[in-house]
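Peer 1: No letters, just coordinates:
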């Protein structure tokens, strides 16, 4: 019997709801230090808090008085309008428009390092919140029920899902693996991770050697996928648009290795320093900067289009998320099945601890075109697990 396809769609609220208590877009700068990130601080102050900029016009941030540093940091940390999406998107936009980019490149590098520090689940600080574990027990209980057709799509940069899938695969018995994954039960790693690293993000030389087809085959699309629409902290790519490696993303085995900024690895083809492959949620000029992301989004479209059930966890569908709402609308409308002349939509379950957010997302899904009877607000993650996973 062919099992229906379930697609889990995860946003920042999913990582925040995990045992790691990772920050959302809105509270991302609550631990920001202007002396640790001087170039990024100067950019933020100049463009968002100009009243402080006269203090920086003629001096280095390191020379500011302690009281002034505290005042500026407190303002940045507490401003509700200052979120990661805003800063990342505007910094990328400004980089594309100005001629003098040296300080802006330094600011972007500092921003990526700050993102890494805030989301690195391997750090002692974050591990201590989860009893020194690098996986999420609540997501492990969900992912243990996945089968070969199911897909996970995430908007998050962190590696909580990867670590959890590794733990799940390690703990599953041979019988469980064979029942849910069939011939893939013999793999040493979780099939979703194997497919991501070997088929979605392959090196170009694998095409040349004939190990991987240059096009995505029909038989490959039958199985589920693990997709990260905004990139990942453990992916790197070559930023040189004239280099053939610019069109690839290279997953690294160690997130720490990927973030060794002082000795960042260089591209084997052109010698340009590799960069972390994460992109702003606004998706501004993303397909030019990191072309492989376009392929990942096209796969996400296919998976949503084929879904019989979509579980949305911690995604708000903000009004500025044009690409994301467009992805959902096009995939769902194109994927509608008609039974006896009536449309059959995917069952959509919305998981969010905030009831108002859940209802707001429900309305947005209705506006996309899904009829109300196919949409359910489940509650928080614990409610979802009790109702649908451990029943």
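Peer 2: Nice, I can see it. Just so we're clear, the structure is a prediction, and the values are computed from it rather than from any experiment.
Peer 1: how far away is residue 381 from residue 200?
Peer 2: Using C-beta to C-beta, to the nearest Å, we find residue 381 at a distance of 27 Å from residue 200. C-beta coordinates here come from the backbone N, C-alpha and C atoms, glycine included.
Peer 1: Those two: which is more packed in?
Peer 2: residue 381 (23 against 19; other C-beta atoms under 10 Å).
Peer 1: Which pLDDT value belongs to the more buried one?
Peer 2: Among the per-residue scores, residue 381 holds a pLDDT of 92.
Peer 1: That one against residue 352, yeah?
Peer 2: No: using C-beta atoms under 8 Å, residue 381 makes no contact with residue 352, being 9.1 Å away.
Peer 1: Find residues that contact each of the two.
Peer 2: The contact sets of residue 381 and residue 352 overlap at residue 313 (C-beta atoms under 8 Å, 6 or more residues apart in numbering).
Peer 1: Residue ranges in the stretch 51-200 of the chain under the pLDDT threshold?
Peer 2: 55-59, 99-100, 123-131 (pLDDT under 70).
Peer 1: quick one: the strands in it?
Peer 2: Using DSSP state E, counting those that start in this stretch, the strands of the stretch 51-200 of the chain run over 151-154.
Peer 1: Now do the helices in it.
Peer 2: With helices called from DSSP state H, counting those that start in this stretch, the stretch 51-200 of the chain shows them at 66-78, 84-97, 102-119, 124-128, 137-143, 160-171, 174-181, 191-195.
Peer 1: cool, the stretch 251-391 of the chain as well?
Peer 2: Under DSSP H, counting those that start in this stretch, the stretch 251-391 of the chain gives helices at 255-258, 286-289, 292-306, 322-335, 355-368, 381-384.
Peer 1: nearest to residue 108, of these?
Peer 2: helix 286-289 (11.1 Å; C-beta to C-beta).
Peer 1: Show me what the closest one is packed up against.
Peer 2: If you count contacts as 3 or more C-beta pairs under 8 Å, 6 or more residues apart in numbering; DSSP states H and E, helix 286-289 packs onto helix 292-306.
Peer 1: Measure how far the helix it packs on is from the centre of its chain, please.
Peer 2: On the basis of C-alpha atoms, centre = their mean, to the nearest Å, helix 292-306 is displaced by 14 Å from the centre of the chain it belongs to.
Peer 1: For that helix, buried residues please.
Peer 2: 292-293, 295-297, 299-306 (16 or more other C-beta atoms under 10 Å).
Peer 1: what about residue 73, how many neighbours?
Peer 2: When neighbours are counted by other C-beta under 10 Å, residue 73 registers 17.
Peer 1: So it sits against residue 32, correct?
Peer 2: Yes: assessed by C-beta under 8 Å, residue 73 is found in contact with residue 32 at 6.5 Å.
Peer 1: pull the longest strand from the protein.
Peer 2: strand 231-237 (DSSP state E).
Peer 1: other SSEs contacting that strand?
Peer 2: helix 102-119, strand 250-251, helix 255-258, strand 275-278.
Peer 1: Quick check: which of the ones you listed is nearest to residue 26?
Peer 2: Checking the helices and strands packed on strand 231-237 against residue 26 by C-beta to C-beta gives helix 102-119 as the closest, at 12.9 Å.
Peer 1: Quick check: phi and psi at the spatially most central residue of the chain.
Peer 2: Central residue of the chain (C-alpha atoms, centre = their mean): residue 156, 2.3 Å from the mean position. Phi and psi for residue 156, reported as degrees, to the nearest 10, are phi -90, psi 150.
Peer 1: which non-adjacent residue is nearest it?
Peer 2: Closest residue to residue 156 apart from its sequence neighbours, by C-beta to C-beta, 6 or more residues apart in numbering: residue 15 at 5.1 Å.
Peer 1: which residues sit in contact with the one you found?
Peer 2: Counted by C-beta under 8 Å, 6+ apart, residue 15 has contacts 22, 119, 156, 158, 160, 314.
Peer 1: rewinding a little: can you put the buried residues of helix 292-306 in CSV and add pLDDT and distance to residue 324?
Peer 2: As requested, those are exported to CSV (pLDDT from 0 to 100; distance: C-beta to C-beta, whole Å):
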residue, pLDDT, distance to residue 324
292, 91, 18
293, 92, 13
295, 91, 17
296, 94, 13
297, 94, 10
299, 93, 15
300, 95, 10
301, 94, 11
302, 92, 16
303, 94, 14
304, 94, 11
305, 91, 15
306, 90, 18
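Peer 1: Can you tell me which of these is nearest residue 171?
Peer 2: Among the buried residues of helix 292-306, and counting by C-beta to C-beta, the member closest to residue 171 is residue 303, at 25.7 Å.
Peer 1: Turn the helices of the stretch 51-200 of the chain into TSV, including distance to residue 225.
Peer 2: Shown next, in TSV, are these (distance: least, C-beta to C-beta, whole Å):
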stretch	distance to residue 225
helix 66-78	37
helix 84-97	25
helix 102-119	22
helix 124-128	27
helix 137-143	14
helix 160-171	12
helix 174-181	14
helix 191-195	6
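Peer 1: For residue 39, which of these is the nearest?
Peer 2: Nearest of the helices of the stretch 51-200 of the chain (C-beta to C-beta): helix 102-119, 4.0 Å.
Peer 1: Would you mind listing the buried residues in that closest one?
Peer 2: Counting neighbours by 16+ other C-beta under 10 Å, the buried set in helix 102-119 is 104, 106-116, 118-119.
Peer 1: ok, residue 148 - how many residues close by?
Peer 2: Quick note: residue 148 (other C-beta under 10 Å) scores 17 neighbours.
Peer 1: ugh, typo on my part, it should be residue 354
Peer 2: 13.
Peer 1: go on, residue 275?
Peer 2: 19.
Peer 1: Pretty sure it sits against residue 233.
Peer 2: No: look at residue 275 against residue 233 with C-beta under 8 Å: they stay out of range, at 11.8 Å.
Peer 1: Can you tell me how far residue 27 is from residue 121?
Peer 2: 17 Å.
Peer 1: More neighbours: the two, which one.
Peer 2: residue 121 (25 against 17).
Peer 1: That one against residue 20, yeah?
Peer 2: Yes: contact criterion C-beta under 8 Å: residue 121 and residue 20 qualify, at 5.4 Å.
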